[in-house]
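*Asks:* sequence and predicted structure are below.
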Amino acid sequence: MKNKTEIVKSVSGAMNKTMMKVRKHSPEILVVAGIAGTVVSAIIACKATTKVNKIVEDTKNDIDKVHTATETGVTEAGESYSAEDSKKDLTIIYVQTGIKFAKLYAPAVILGTLSITSILASNNILRKRMSYSVSGTTITLTRGDTFVALISITKQDGTPYVPNDGDKVRFAMKAKYEDPEPLVVKDIPIDTLTLTLHPEDTKDLSFGKYVYDIQLTKADGTVDTFITKATIKITEEVD
(Lines give C-alpha, C1' and ligand atoms only; values in the text may rest on other atoms or scores of the structure.)
Protein backbone atom coordinates (compact mmCIF):
# COMPACT_ATOMS: atom_id res chain seq x y z
CA MET A 1 0.00 0.00 0.00
CA LYS A 2 2.88 2.27 0.85
CA ASN A 3 4.56 1.58 -2.48
CA LYS A 4 1.32 2.33 -4.29
CA THR A 5 0.98 5.66 -2.47
CA GLU A 6 4.58 6.56 -3.28
CA ILE A 7 4.03 5.71 -6.95
CA VAL A 8 0.90 7.88 -7.07
CA LYS A 9 2.77 10.77 -5.45
CA SER A 10 5.68 10.31 -7.84
CA VAL A 11 3.41 10.26 -10.89
CA SER A 12 1.45 13.24 -9.59
CA GLY A 13 4.65 15.19 -8.97
CA ALA A 14 5.95 14.39 -12.44
CA MET A 15 2.66 15.49 -14.01
CA ASN A 16 2.63 18.74 -12.03
CA LYS A 17 6.21 19.47 -13.06
CA THR A 18 5.38 18.74 -16.69
CA MET A 19 2.34 21.01 -16.54
CA MET A 20 4.44 23.81 -15.07
CA LYS A 21 6.94 23.45 -17.91
CA VAL A 22 4.16 23.49 -20.47
CA ARG A 23 2.60 26.54 -18.83
CA LYS A 24 5.92 28.36 -18.74
CA HIS A 25 6.67 27.67 -22.41
CA SER A 26 3.08 27.95 -23.62
CA PRO A 27 3.73 31.14 -25.67
CA GLU A 28 6.51 29.41 -27.64
CA ILE A 29 4.38 26.28 -28.06
CA LEU A 30 1.43 28.32 -29.32
CA VAL A 31 3.59 30.26 -31.79
CA VAL A 32 5.14 27.08 -33.21
CA ALA A 33 1.70 25.45 -33.45
CA GLY A 34 0.31 28.57 -35.11
CA ILE A 35 3.08 28.75 -37.70
CA ALA A 36 2.87 25.03 -38.43
CA GLY A 37 -0.91 25.24 -38.73
CA THR A 38 -0.66 28.20 -41.12
CA VAL A 39 1.75 26.30 -43.38
CA VAL A 40 -0.43 23.17 -43.37
CA SER A 41 -3.59 25.20 -44.05
CA ALA A 42 -1.87 26.81 -47.06
CA ILE A 43 -0.93 23.36 -48.39
CA ILE A 44 -4.51 22.11 -47.90
CA ALA A 45 -5.85 25.19 -49.70
CA CYS A 46 -3.50 24.63 -52.63
CA LYS A 47 -4.61 21.00 -52.94
CA ALA A 48 -8.24 22.07 -52.75
CA THR A 49 -7.70 24.58 -55.56
CA THR A 50 -6.80 21.75 -57.94
CA LYS A 51 -10.38 20.49 -57.61
CA VAL A 52 -12.02 23.84 -58.33
CA ASN A 53 -12.00 23.43 -62.12
CA LYS A 54 -14.02 20.21 -61.85
CA ILE A 55 -16.68 21.91 -59.69
CA VAL A 56 -16.83 24.93 -62.02
CA GLU A 57 -17.09 22.71 -65.08
CA ASP A 58 -19.89 20.59 -63.58
CA THR A 59 -21.77 23.72 -62.53
CA LYS A 60 -21.43 25.24 -66.02
CA ASN A 61 -22.77 22.06 -67.61
CA ASP A 62 -25.78 21.99 -65.26
CA ILE A 63 -26.53 25.66 -65.95
CA ASP A 64 -26.25 25.11 -69.70
CA LYS A 65 -28.77 22.26 -69.45
CA VAL A 66 -31.20 24.52 -67.58
CA HIS A 67 -30.82 27.29 -70.17
CA THR A 68 -31.34 24.85 -73.02
CA ALA A 69 -34.45 23.40 -71.39
CA THR A 70 -35.77 26.92 -70.78
CA GLU A 71 -35.31 27.88 -74.43
CA THR A 72 -36.92 24.72 -75.79
CA GLY A 73 -39.49 24.33 -73.03
CA VAL A 74 -38.58 20.63 -72.79
CA THR A 75 -36.03 18.75 -70.66
CA GLU A 76 -33.66 16.10 -72.00
CA ALA A 77 -36.14 13.51 -70.71
CA GLY A 78 -38.88 15.07 -72.82
CA GLU A 79 -40.77 16.66 -69.93
CA SER A 80 -42.22 20.15 -70.18
CA TYR A 81 -40.06 22.86 -68.62
CA SER A 82 -41.20 26.36 -67.55
CA ALA A 83 -39.44 29.57 -66.52
CA GLU A 84 -40.47 28.85 -62.92
CA ASP A 85 -38.75 25.46 -63.13
CA SER A 86 -35.67 27.21 -64.44
CA LYS A 87 -35.51 29.60 -61.44
CA LYS A 88 -35.87 26.75 -58.95
CA ASP A 89 -33.21 24.60 -60.64
CA LEU A 90 -30.74 27.49 -60.92
CA THR A 91 -31.20 28.26 -57.23
CA ILE A 92 -30.53 24.62 -56.36
CA ILE A 93 -27.42 24.57 -58.57
CA TYR A 94 -26.00 27.73 -57.01
CA VAL A 95 -26.64 26.48 -53.46
CA GLN A 96 -25.11 23.09 -54.18
CA THR A 97 -22.06 24.74 -55.77
CA GLY A 98 -21.62 26.96 -52.71
CA ILE A 99 -21.78 23.91 -50.44
CA LYS A 100 -19.17 22.13 -52.57
CA PHE A 101 -16.81 25.10 -52.32
CA ALA A 102 -17.42 25.37 -48.57
CA LYS A 103 -16.62 21.69 -48.05
CA LEU A 104 -13.57 21.99 -50.27
CA TYR A 105 -11.99 24.91 -48.39
CA ALA A 106 -13.49 24.35 -44.90
CA PRO A 107 -10.49 22.36 -43.53
CA ALA A 108 -8.02 25.02 -44.68
CA VAL A 109 -10.15 27.89 -43.34
CA ILE A 110 -10.75 26.21 -39.97
CA LEU A 111 -7.08 25.28 -39.52
CA GLY A 112 -5.97 28.74 -40.62
CA THR A 113 -8.35 30.39 -38.14
CA LEU A 114 -7.12 28.16 -35.31
CA SER A 115 -3.51 28.93 -36.26
CA ILE A 116 -4.08 32.69 -36.16
CA THR A 117 -5.93 32.31 -32.85
CA SER A 118 -2.97 30.35 -31.47
CA ILE A 119 -0.50 33.09 -32.43
CA LEU A 120 -2.75 35.81 -30.98
CA ALA A 121 -3.15 33.80 -27.77
CA SER A 122 0.63 33.53 -27.49
CA ASN A 123 0.96 37.29 -27.89
CA ASN A 124 -1.73 37.83 -25.26
CA ILE A 125 0.04 35.57 -22.76
CA LEU A 126 3.36 37.34 -23.32
CA ARG A 127 1.73 40.75 -22.94
CA LYS A 128 0.15 39.71 -19.63
CA ARG A 129 3.42 38.24 -18.39
CA MET A 130 5.64 41.08 -19.47
CA SER A 131 3.49 44.22 -19.31
CA TYR A 132 3.47 45.65 -15.84
CA SER A 133 3.01 49.11 -14.45
CA VAL A 134 5.53 49.79 -11.71
CA SER A 135 4.29 52.28 -9.16
CA GLY A 136 5.93 51.01 -5.99
CA THR A 137 4.10 47.71 -5.71
CA THR A 138 5.74 44.33 -5.20
CA ILE A 139 7.17 42.71 -8.32
CA THR A 140 7.24 38.92 -8.56
CA LEU A 141 9.70 37.61 -11.13
CA THR A 142 10.81 34.09 -12.01
CA ARG A 143 14.59 33.92 -11.88
CA GLY A 144 16.09 34.15 -15.35
CA ASP A 145 12.94 35.51 -17.01
CA THR A 146 12.64 38.72 -18.98
CA PHE A 147 10.75 41.48 -17.21
CA VAL A 148 9.34 44.52 -19.02
CA ALA A 149 7.45 47.22 -17.16
CA LEU A 150 6.16 50.71 -17.76
CA ILE A 151 7.27 53.24 -15.17
CA SER A 152 4.93 56.00 -14.07
CA ILE A 153 6.20 59.22 -12.48
CA THR A 154 3.69 61.38 -10.66
CA LYS A 155 4.18 64.94 -9.44
CA GLN A 156 3.07 66.10 -5.99
CA ASP A 157 -0.19 67.45 -7.39
CA GLY A 158 -1.04 64.00 -8.76
CA THR A 159 -0.45 64.79 -12.42
CA PRO A 160 1.95 62.72 -14.52
CA TYR A 161 5.51 63.97 -14.88
CA VAL A 162 6.93 63.85 -18.41
CA PRO A 163 10.76 63.67 -18.40
CA ASN A 164 12.63 66.44 -20.19
CA ASP A 165 15.86 66.32 -22.17
CA GLY A 166 18.73 65.79 -19.78
CA ASP A 167 16.64 63.92 -17.19
CA LYS A 168 17.79 60.47 -16.12
CA VAL A 169 15.77 57.63 -14.58
CA ARG A 170 17.56 54.77 -12.83
CA PHE A 171 16.46 51.46 -11.32
CA ALA A 172 18.59 49.94 -8.52
CA MET A 173 18.06 46.61 -6.76
CA LYS A 174 19.70 45.37 -3.55
CA ALA A 175 19.43 42.38 -1.23
CA LYS A 176 18.93 44.80 1.66
CA TYR A 177 18.30 48.51 1.48
CA GLU A 178 21.31 49.30 3.68
CA ASP A 179 23.74 47.38 1.41
CA PRO A 180 26.41 49.72 0.03
CA GLU A 181 26.28 48.49 -3.57
CA PRO A 182 23.27 47.48 -5.69
CA LEU A 183 23.10 44.06 -7.32
CA VAL A 184 21.38 45.35 -10.43
CA VAL A 185 21.36 48.85 -11.90
CA LYS A 186 19.36 49.80 -14.98
CA ASP A 187 19.07 53.10 -16.81
CA ILE A 188 15.48 53.59 -17.94
CA PRO A 189 15.02 55.41 -21.28
CA ILE A 190 13.15 58.66 -20.68
CA ASP A 191 11.37 58.46 -24.04
CA THR A 192 9.64 55.16 -23.25
CA LEU A 193 9.95 54.93 -19.44
CA THR A 194 10.23 51.18 -19.91
CA LEU A 195 12.21 49.13 -17.41
CA THR A 196 13.68 45.94 -18.86
CA LEU A 197 15.33 43.22 -16.81
CA HIS A 198 17.10 40.65 -18.96
CA PRO A 199 17.55 36.97 -18.01
CA GLU A 200 21.23 37.52 -17.14
CA ASP A 201 20.25 40.17 -14.59
CA THR A 202 18.60 37.65 -12.27
CA LYS A 203 19.75 34.17 -13.34
CA ASP A 204 22.48 33.99 -10.67
CA LEU A 205 20.49 35.52 -7.81
CA SER A 206 19.24 33.48 -4.88
CA PHE A 207 15.52 33.00 -4.43
CA GLY A 208 13.85 35.40 -2.03
CA LYS A 209 12.94 39.02 -1.47
CA TYR A 210 14.98 42.00 -2.62
CA VAL A 211 14.40 45.74 -2.46
CA TYR A 212 14.52 48.26 -5.26
CA ASP A 213 14.05 51.93 -5.85
CA ILE A 214 13.69 54.11 -8.92
CA GLN A 215 15.30 57.50 -8.97
CA LEU A 216 14.74 60.53 -11.19
CA THR A 217 17.64 62.92 -11.68
CA LYS A 218 16.50 66.05 -13.46
CA ALA A 219 18.62 68.03 -15.87
CA ASP A 220 19.12 70.76 -13.24
CA GLY A 221 20.58 68.22 -10.77
CA THR A 222 17.45 67.75 -8.66
CA VAL A 223 17.16 64.16 -7.42
CA ASP A 224 13.81 62.53 -6.66
CA THR A 225 13.66 58.88 -5.60
CA PHE A 226 9.98 58.50 -6.42
CA ILE A 227 9.82 54.77 -5.67
CA THR A 228 11.57 53.72 -2.46
CA LYS A 229 12.03 50.46 -0.58
CA ALA A 230 9.72 48.56 -2.92
CA THR A 231 9.97 44.77 -2.96
CA ILE A 232 10.87 42.37 -5.73
CA LYS A 233 10.48 38.61 -5.23
CA ILE A 234 12.71 36.27 -7.19
CA THR A 235 11.03 32.89 -7.49
CA GLU A 236 12.26 29.49 -8.60
CA GLU A 237 12.09 28.51 -12.24
CA VAL A 238 11.22 25.05 -13.57
CA ASP A 239 14.30 23.55 -15.27
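*Replies:* Arrived safely, thanks for sending. Numbering: from 1, shown residues only.
*Asks:* can you tell me how far the closest residue to residue 169 other than its chain neighbours is from residue 226?
*Replies:* The shortest distance from residue 169 to any non-neighbouring residue, by CB to CB, 6 or more residues apart in numbering, is to residue 188 (4.1 Å). Placement of C-beta: from N, CA and C, glycine included. Distance of residue 188 to residue 226, given as CB to CB, to the nearest Å: 12 Å.
*Asks:* shouldn't residue 210 be within a strand?
*Replies:* Yes. Assessed by DSSP: H, G, I helix; E, B strand; the rest coil, residue 210 belongs to a strand.
*Asks:* which residues does it bridge with?
*Replies:* residue 232 (DSSP bridges).
*Asks:* related to what we said a few turns ago, phi, psi of the residue nearest to residue 169?
*Replies:* Backbone dihedrals for residue 188, given as degrees, to the nearest 10, come out at phi -100, psi 120.
*Asks:* same deal with residue 81?
*Replies:* With angles defined as degrees, to the nearest 10, residue 81 sits at phi -140, psi 120.
*Asks:* list the contacts for it?
*Replies:* Applying CB atoms under 8 Å, 6 or more residues apart in numbering, we find residue 81 in contact with 69, 70, 72, 73, 74, 75.
*Asks:* then residue 89?
*Replies:* Residue 89 makes contact with residue 66 under the criterion CB under 8 Å, 6+ apart.
*Asks:* what helix or strand is it on?
*Replies:* helix 83-130 (DSSP states H and E).
*Asks:* state the mean pLDDT of that helix.
*Replies:* Helix 83-130 shows a mean pLDDT of 84.
*Asks:* straight-line length of stretch 149-167, end to end?
*Replies:* 19 Å (CA to CA, to the nearest Å).
*Asks:* strands of this protein, start to end?
*Replies:* Assigned by DSSP state E, the strands in the chain fall at 132-134, 139-142, 147-151, 168-174, 184-188, 194-197, 208-217, 223-235.
*Asks:* quick one: which of those is nearest residue 49?
*Replies:* With CB to CB, the closest approach to residue 49 among those belongs to strand 147-151: 42.7 Å.
*Asks:* show me what the closest one packs onto, helices and strands only.
*Replies:* With contacts taken as 3 or more CB pairs under 8 Å, 6 or more residues apart in numbering; DSSP states H and E, strand 147-151 sits against strand 132-134, strand 139-142, strand 194-197.
*Asks:* of all the ones you listed, which one is nearest residue 171?
*Replies:* Nearest of the helices and strands packed on strand 147-151 to residue 171, taken as CB to CB: strand 194-197 at 5.4 Å.
*Asks:* ok, and what's touching that closest one?
*Replies:* Contacts for strand 194-197 (CB under 8 Å, 6+ apart): 134, 141, 146-151, 171, 184, 186, 188, 214.
*Asks:* repeat the analysis, applying 10 Å as the threshold.
*Replies:* In this structure, residues lying in contact with strand 194-197 by CB atoms under 10 Å, 6 or more residues apart in numbering are 130-132, 134, 139, 141, 145-151, 169-171, 173, 184, 186-189, 212, 214, 232.
*Asks:* re earlier: for the residue nearest to residue 169, give me its contacts.
*Replies:* By CB under 10 Å, 6+ apart, residue 188 lies in contact with 134, 149-151, 163, 168-171, 194-196, 214-216.
*Asks:* off-centre distance for stretch 100-119?
*Replies:* How far stretch 100-119 lies from its chain's middle: 19 Å, per CA atoms, centre = their mean, to the nearest Å.
*Asks:* returning to that earlier point: only whichever of the contacts of strand 194-197 are buried, select them in ChimeraX.
*Replies:* Applied in ChimeraX, the following selects the buried portion of those according to 16 or more other CB atoms under 10 Å:
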select :132,134,139,141,145,147,149,151,169,170,171,173,184,186,188,212,214,232
